[in-house]
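Asks: Next one to model:
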Amino acid sequence: MKTHYLLTTTLIAASLLSIQSASAASSASSYDPSTGRTITSNGNADGSHTVTVTERDGKSTTTVRGKLPPGIHVDDGNGGWKRYNPPPKPPAGPTGISVGDGNGGWKAYVPPPKPPAGPTGISVGDGKGGWKAYVPPPKPPAGPTGISVDDGNGGWKPYNPPPKLPIGGSAYDPETGRTTTSIRNADGSHTVTVTEGRR
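Replies: Numbers count the residues shown, from 1 in each chain. Predicted structure coming up:
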């Protein structure tokens, strides 16, 4: 029997707590110090709200506002709620993007036309805020090796390697006065002798 009373008491206490929590969750109050106005809103069991507005002089007015329809609601400035109507979606261009129109609104973003592309498919700035096709400079001249080197003037010149020494021969460089002699050995190797000379 004691167990039955204990269980019943526990259930009643839990029910009272849930009712108190629900009513507390649907109650709100606000005070505006500039006007001295206090607005209190209490939720009713049927989903409506009782709104009481108390002025600085103590005068109160009470109204019952009906149950709010589903959706998003915002403060209506009078102690109640109003449905939130989002602003219309801004216009969107071919990219689906909108940008500010400079007047506090929006306008569709229309991307500039694709810049012209040269043979490489690359575009570069034209120096006037636009684009121009990138045309690469012509390939530098290439010597017998297919290699080009700096010509010392900001351009290119073909690379011509020095002539190969003849087998068992010698070569003289008049600019340096150097004589280079190469002798083939029996095993296929070469003995190279460099003799420095006077210029």
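Asks: Check the burial of Pro119 by counting its neighbours.
Replies: Other residues lying near Pro119 total 9 when counted by other C-beta atoms under 10 Å. For glycine as for every other residue, the C-beta is placed from the backbone atoms N, C-alpha and C.
Asks: Skipping its backbone neighbours, what lies nearest it in space?
Replies: Taking C-beta to C-beta, 6 or more residues apart in numbering as the measure, Pro119 lies nearest to Val135, with 6.9 Å between them; neighbours along the chain are not counted.
Asks: May I ask you to confirm that that neighbour is in contact with Gly121?
Replies: No: under the criterion of C-beta atoms under 8 Å, Val135 makes no contact with Gly121, lying 11.6 Å away.
Asks: Compare those two (neighbour count), which wins?
Replies: Between Val135 and Gly121, Val135 has the larger neighbour count (other C-beta under 10 Å), namely 11 against 8.
Asks: how near is the most centrally placed residue in the chain to Glu175?
Replies: For the chain, the residue sitting closest to the mean C-alpha position, by C-alpha atoms, centre = their mean, is Ile97 at 14.3 Å. Distance check for Ile97 against Glu175: by C-beta to C-beta, to the nearest Å, it reads 68 Å.
Asks: hmm, back to that, can you pull the contacts of the residue nearest to the centre of the chain?
Replies: Shown in contact with Ile97 (C-beta atoms under 8 Å, 6 or more residues apart in numbering): 108-109.
Asks: Next one: it relative to Pro86, how far apart?
Replies: Following C-beta to C-beta, the distance that separates Ile97 from Pro86 is 19 Å.
Asks: Going along the chain, name the helices of the chain.
Replies: Taking DSSP state H as the criterion, the chain carries its helices at 2-25.
Asks: residue ranges with poor pLDDT in it?
Replies: Across the chain, the ranges flagged by pLDDT under 70 are 1-25, 79, 93, 115-118, 141, 143, 163-168, 198-199.
Asks: ok, and the closest non-adjacent residue to Leu68?
Replies: Computed as C-beta to C-beta, 6+ apart, the closest residue to Leu68 that is not its neighbour in sequence is Trp81, at 5.9 Å.
Asks: With Ser29 instead?
Replies: In this structure, Ser29 finds its nearest non-sequential neighbour in Thr40, 4.5 Å apart by C-beta to C-beta, 6+ apart.
Asks: now swap in Ile183 and tell me
Replies: Closest residue in space to Ile183, ignoring its immediate chain neighbours: Thr191 at 4.8 Å, by C-beta to C-beta, 6+ apart.
Asks: just Gly169 next, same as before
Replies: Ser182 (6.3 Å).
Asks: any idea how far the one you found is from Val192?
Replies: The spacing between Ser182 and Val192, counted by C-beta to C-beta, is 5 Å.
Asks: now Ile97
Replies: Distance, Ile97 to Val192, using C-beta to C-beta: 72 Å.
Asks: ok, Thr36 - contacts?
Replies: Not quite, residue 36 is Gly, not Thr. Contacts were defined as C-beta under 8 Å, 6+ apart; by that measure Gly36 touches 55-56.
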